[in-house]
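> Prediction below, plus the sequence it came from.
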Amino acid sequence: MYRMAILSMLTTDQSLDVSKCVMMALVHDLAEAQVGDITPHENFTKEEKHRLEQEAMNNFVHTMLHNSPAAQRIEALWHEYEAGETPEAKFVKDLDRFEMASQALEYERNHGVSTLQPFFDSSIPRLRHPEVQAWGKDLIEERESLLQGSQANASTSGQT
């Protein structure tokens with residue numbers, strides 16, 4: 001849940017407001033914590049996904065935090081992320097895509113799941129920030145190595 005915030009702290013891009021990126025990543029996770037992490041392959045329209053997340057944020061900001069100054073700050077960060085226009089919002093969106101692919105690789109590695117190609121196809125090619133693109137390239141290389149190792153093991157075990 002906090003992986004995007006940690007990844008924000010790892011950037012070397014000095015043009016970004018890292019503190020804002022960390023806060024934005026955490027705020028983004030608040031909506032997902034209530035709604036769930038809706039993937040592109042769950043047949044939700046963008047409008048429906050946005051509506052569900054908006055309801056979650058409204059509940060959090062207005063019902064739970066009573067529209068306090070902290071709640072307003074949280075809501076502003078969420079709207080900035082959703083608008084995707086600032087460098088920080090674009091960076092955090094890339095982190096969201098990268099994190100989805102990272103999680104897919106973990107499932108493949110730890111649970112033997114082999115049908116997760118759509119998660120990589122819908123995330124890694126859409127990365128725009130140079131540093132996150134490099135992380136994505138490293139992730140794909142790690143995955144290819146894992147898949148080659150799995151194929152080699154399957155070939156070896158078939159010979160005995």
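On my side now, so go ahead. Numbers count the residues shown, from 1 in each chain.
> Burial check on S15, number of neighbours?
8 (other CB atoms under 10 Å). The C-beta positions use only the backbone N, C-alpha and C, and glycine is treated the same way.
> I'd like the distance between the residue lying closest to it once chain neighbours are set aside and E48.
Spatial nearest neighbour of S15, excluding adjacent residues (CB to CB, 6 or more residues apart in numbering): P87 at 6.6 Å. Separation of P87 from E48 (CB to CB, to the nearest Å) stands at 28 Å.
> elements contacting the lowest-mean-pLDDT helix or strand in the chain?
Every helix and strand of the chain was ranked by mean pLDDT, DSSP states H and E. The lowest is helix 130-159, at a mean of 84. With contacts taken as 3 or more CB pairs under 8 Å, 6 or more residues apart in numbering; DSSP states H and E, helix 130-159 sits against helix 87-111.
> which residues does L65 contact?
Residues near L65 by CB atoms under 8 Å, 6 or more residues apart in numbering: 71, 74.
> what do you get for S8?
18, 21-22, 24-25, 91-92, 95 are the contacts of S8 under CB under 8 Å, 6+ apart.
> Just send those residues back as CSV, with pLDDT and neighbour count too.
Below are the contacts of S8 laid out as CSV (pLDDT from 0 to 100; neighbours: other CB atoms under 10 Å):
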residue, pLDDT, neighbour count
V18, 98, 16
C21, 98, 25
V22, 98, 19
M24, 97, 27
A25, 96, 25
F91, 98, 26
V92, 98, 30
L95, 98, 27
